[in-house]
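# Give the three-dimensional model of this entry:
(chains A and B)
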2 protein chains.
Amino acid sequence: MGRPSDARERILSAGTALLGRGAYSSISVADICTAAGVPKGSFYYFFESKQAFALAVIARHWVTQKAQWAAALGGEGTPLERLHRLFDETTETQRVAQRDLGAVTGCLFGNLALELSAHDPVIKVELQRVFDEQATMVESVVQESIDADESAPQSAAGAARAIIAQLEGTVLFAKLLDDPEQVNRLWPNALLLLSAHVPATIA
Amino acid sequence: MGRPSDARERILSAGTALLGRGAYSSISVADICTAAGVPKGSFYYFFESKQAFALAVIARHWVTQKAQWAAALGGEGTPLERLHRLFDETTETQRVAQRDLGAVTGCLFGNLALELSAHDPVIKVELQRVFDEQATMVESVVQESIDADESAPQSAAGAARAIIAQLEGTVLFAKLLDDPEQVNRLWPNALLLLSAHVPATIA
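Next up is the predicted model:
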């Protein structure tokens, strides 16, 4: 076991991978520590409870994903090109999961939302916050695409939420079929949800 | 405990309710039997394993839901009016769950798909079959709407899959927010995914 900070990171990294394959409630602290290669006692040195661990997994995953989203949405290209890049990277993320972890893992936040919303109000609120931030980021690029006369949805906020819902549903099917390429369906459907001026076939 | 067939039905009914609140892997056979009000031994009289129970829950739920879908999609009205009715009934199902079970339970099939796809190939295949049948039912009414010149998607099959994905993503947010009315967003977005000739605002 290296420095304490390494052990914490290894616990979070191993926990994130385990949550891509199975339910939060099916994964024991012992499972997490075994996968992380740390002694069991170290878990409670870093996390006062399994819930605290879950909140840290969510926070860590969102820090990483938010940076990726910001890079994709804020880079070169027109607003719609940048949104398209975000979806291509989402497909690639699922390809990497399938290659490295043995199966499409889906969306960590969606997995936890369906499992825990009904009985863990603390985690539920944290997931709501993440999805709100996702929607705000997409809304911003949608507003840019409206301003650039690339699209004409009824409202940027409504279109952003519809796109996030389409993303979650599409990733669910990618996981169910263990097929990352399902995520390619997202782009033409997003163009329709945006009332984009480019035809959906161009995608 | 009544007739054996009553006990089996009570186990399946209680199990379905429990699966709306928590993960499959977090629910023990003892939990299910307690909720069903049956002795634990009776579980293994009816089901040789927890997996066999899960497959029976899926089959029973789909028999019920398929009949509801067929009634909604096959009743009075234009093809799009019938599709709209299906979504209204989906909203109502989540309202009833919130009222009777204390929280929006989401979609049983979506919940199980995210939890089990990566490590239970038998259940995964059964869920794929259910979603395929759902897509076929929606595709049929979409084709009718195309024939009636109500909509003009690139393909009826592709639009049907996009609508099912939108449904799953929207129901995820209804569960995350414990708000059945989120499902009302489905209709205007489905009209966009269908390239419907009626404006989405009419919804």
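
# Contacts only, for residue A:195.
Contacts were defined as Cβ atoms under 8 Å, 6 or more residues apart in numbering or on different chains; by that measure residue A:195 touches A:151, A:152, A:153, A:154, A:159, B:192. C-beta here means a position set from N, CA and C on the backbone, and glycine is covered the same way.

# how about 7 Å then?
By Cβ atoms under 7 Å, 6 or more residues apart in numbering or on different chains, the residues touching residue A:195 are A:151, A:152, A:153, B:192.

# Got a PyMOL select line for the buried ones in those?
Provided next is the PyMOL selection string for whichever of the contacts of residue A:195 are buried by 16 or more other Cβ atoms under 10 Å in any protein chain shown:
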select buried, (chain A and resi 151+153) or (chain B and resi 192)
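
# Secondary structure, distance to residue B:48 and pLDDT added to the contacts of residue A:195, as CSV?
Formatted as CSV, the entries for the contacts of residue A:195 read as follows, by DSSP: H, G, I helix; E, B strand; the rest coil; distance: Cβ to Cβ, whole Å; pLDDT from 0 to 100:
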residue, secondary structure, distance to residue B:48, pLDDT
A:151, strand, 54, 97
A:152, coil, 57, 97
A:153, coil, 52, 97
B:192, helix, 46, 97
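
# Format the contacts of residue A:195 as TSV; extra columns: distance to residue A:127.
Below are the contacts of residue A:195 laid out as TSV (distance: Cβ to Cβ, whole Å):
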residue	distance to residue A:127
A:151	28
A:152	31
A:153	25
B:192	26
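
# Any buried residues in whichever helix in chain A runs longest, and which?
For chain A, the helix with the greatest residue count under DSSP state H is helix A:121-147. Within helix A:121-147, the residues that count as buried by 16+ other Cβ under 10 Å are A:123-124, A:126-128, A:130-131, A:134-135, A:137-139, A:141-146.

# Same question for stretch A:37-54.
Quick answer for stretch A:37-54 (16+ other Cβ under 10 Å): A:38, A:42, A:43, A:46, A:47, A:50, A:53, A:54.

# Repeat that for stretch A:23-41.
A:23, A:24, A:25, A:26, A:27, A:29, A:32, A:33, A:35, A:36, A:38.

# got the contact list for the residue nearest to the spatial centre of chain A?
Nearest to the mean C-alpha position of chain A, by Cα atoms, centre = their mean, lies residue A:107 at 4.5 Å. Applying Cβ under 7 Å, 6+ apart to residue A:107 gives the contacts A:168, A:171.

# Would you map the helices across chain A?
A:4-21, A:29-36, A:40-46, A:50-74, A:79-101, A:108-116, A:121-147, A:156-176, A:186-193.

# Out of these, which is closest to residue B:93?
Residue B:93 lies closest to helix A:108-116 among the helices of chain A, at 15.9 Å (Cβ to Cβ).

# does the closest one come close to chain B?
Yes - Helix A:108-116 lies within reach of chain B by Cβ under 7 Å from any Cβ of the partner chain, at A:110, A:111, A:113, A:114, A:115.
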